[in-house]
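Q: Turn this into a structure:
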Amino acid sequence: MNWQSKLKIFLSDFHLMKDTIGILACGSYITGNPTAHSDLDVHIILSENTTYRERGNKYVDGLLIEYFANPPQQILHYFKEDLADCSLMSQVQFATGEITFDKTSVAAELKRQATAMVAEFYETTAPKAISDLSKYFLWDNLDNLTDAYKTNRRDFDFLYYTCLDNLLATYMNTIGRPYNKMAILGNIADENVRRKYLLRILPDTAISAAIEAAITLTGKRERLAAYEKLTNIVLEKFGGFNIDGFRFRSELSPEVN
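A: Okay, here's the model as predicted:
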């Protein structure tokens, strides 16, 4: 039984159908290469006068269907929130999704707007500057991680991936690209992942290679070396950093004034 048949069974007794004006399915079953752990994401578009939203999950013949029920104005609000967070998660779902029901053409319009937002995002989003304080935190993470390696701390692996996550988030935010932990290598080496999430390949090949090494290497010493290289490349690319003489002045917290 294919996903369309299972979705039809799911909708046959779906309790929100009286308020539903559009349905859009998305995820790996639509974009390709689903695995045994893939679910089917379904956006249920409710009528404009609906005063609630709902999400839930249900198995249909072994397929987990996860539904998100929202009126159009709430979906557009999610679009706005994601753009503010340098994310395209909700837009990508609609842009790559398949419309299975569209009573008022609202699903087609949301899909059109989402597709346009993704294109505009990549055309207009420009790199930002990294503050000196953010650079300090990147330097400090590297220093702490180096100390953890040299002292053979048992939690080195945990610290390593925590610091790497922070480093990647800082870099991706600085260049104005969405940071999706589930798809970071798609920006570098996996065309299928890029197509699924509508990603663009990263602009700096040296940084891309350093990211791939930091993620995929297995030895502690090798990972630390890759992490150090990635940190130094990022710092150098955005103006450099010298801990000797570092100062950062800011206003007092409002609560103490």
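
Q: burial measure for residue 4, as a count.
A: Neighbours of residue 4 under the rule other Cβ atoms under 10 Å: 12. For the C-beta atoms, the positions are set from N, CA and C on the backbone; glycine is no exception.

Q: Is it part of a helix or strand, or is it coil?
A: helix (DSSP: H, G, I helix; E, B strand; the rest coil).

Q: That one reaches residue 98, doesn't it?
A: No: judged on Cβ atoms under 8 Å, residue 4 makes no contact with residue 98 at a distance of 9.0 Å.

Q: gap between stretch 196-210 and the chain center?
A: 14 Å (Cα atoms, centre = their mean, to the nearest Å).

Q: Going by neighbour count, which residues in it are buried?
A: Residues 196, 197, 198, 199, 202, 207, 208, 209, 210 are the ones in stretch 196-210 that count as buried (16 or more other Cβ atoms under 10 Å).

Q: Pick the one among the residues you listed closest to residue 28.
A: residue 196 (7.0 Å; Cβ to Cβ).

Q: Where does that closest one fall, secondary structure wise?
A: If you go by DSSP states H and E, residue 196 is part of helix 191-197.

Q: next one: residue 24
A: strand 20-26.

Q: Using CSV, write down the CA coordinates of the helix or strand that comes right after that strand.
A: Scanning forward in sequence from strand 20-26 by DSSP H and E, the next helix or strand is helix 28-31. Taking Å, rounded to 0.1, in the frame of the first residue of the first chain, the C-alpha atoms of helix 28-31 are listed here in CSV:
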residue,chain,number,x,y,z
SER,A,28,10.8,12.1,2.3
TYR,A,29,7.8,10.2,0.8
ILE,A,30,7.3,13.2,-1.5
THR,A,31,10.9,14.4,-2.1
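
Q: Excluding its own residues, what touches helix 28-31? List them.
A: 3, 34, 35, 38, 40, 96, 97, 98, 195, 196 (Cβ atoms under 8 Å, 6 or more residues apart in numbering).

Q: run the last query once more with 10 Å
A: 2-4, 6-7, 24, 34-35, 37-41, 63, 92-93, 96-98, 192-193, 195-198 (Cβ atoms under 10 Å, 6 or more residues apart in numbering).

Q: Now that we have those, which of them are buried?
A: Of these, these count as buried by 16+ other Cβ under 10 Å: 3, 6-7, 24, 40-41, 63, 92-93, 96-98, 193, 196-198.

Q: separation between the residue nearest the centre of the chain and residue 92?
A: Nearest to the geometric centre of the chain sits residue 180, at 2.8 Å (Cα atoms, centre = their mean). Relative to residue 92, residue 180 is positioned 9 Å away (Cβ to Cβ, to the nearest Å).

Q: State the distance from the closest residue to residue 130 other than its chain neighbours to residue 135.
A: Leaving aside its chain neighbours, residue 130 sits nearest to residue 238 (4.5 Å; criterion: Cβ to Cβ, 6 or more residues apart in numbering). Residue 238 sits 7 Å away from residue 135, going by Cβ to Cβ.

Q: Quick check: neighbours shared by these two?
A: residue 170.

Q: List the buried residues in stretch 175-188.
A: By 16+ other Cβ under 10 Å, the buried positions in stretch 175-188 come out as 175, 177, 178, 179, 180, 183, 184, 186, 187, 188.

Q: Repeat that for stretch 134-145.
A: Applying 16+ other Cβ under 10 Å to stretch 134-145 flags 134, 135, 138, 139, 141, 142, 145 as buried.

Q: Many thanks, I have nothing further to ask.
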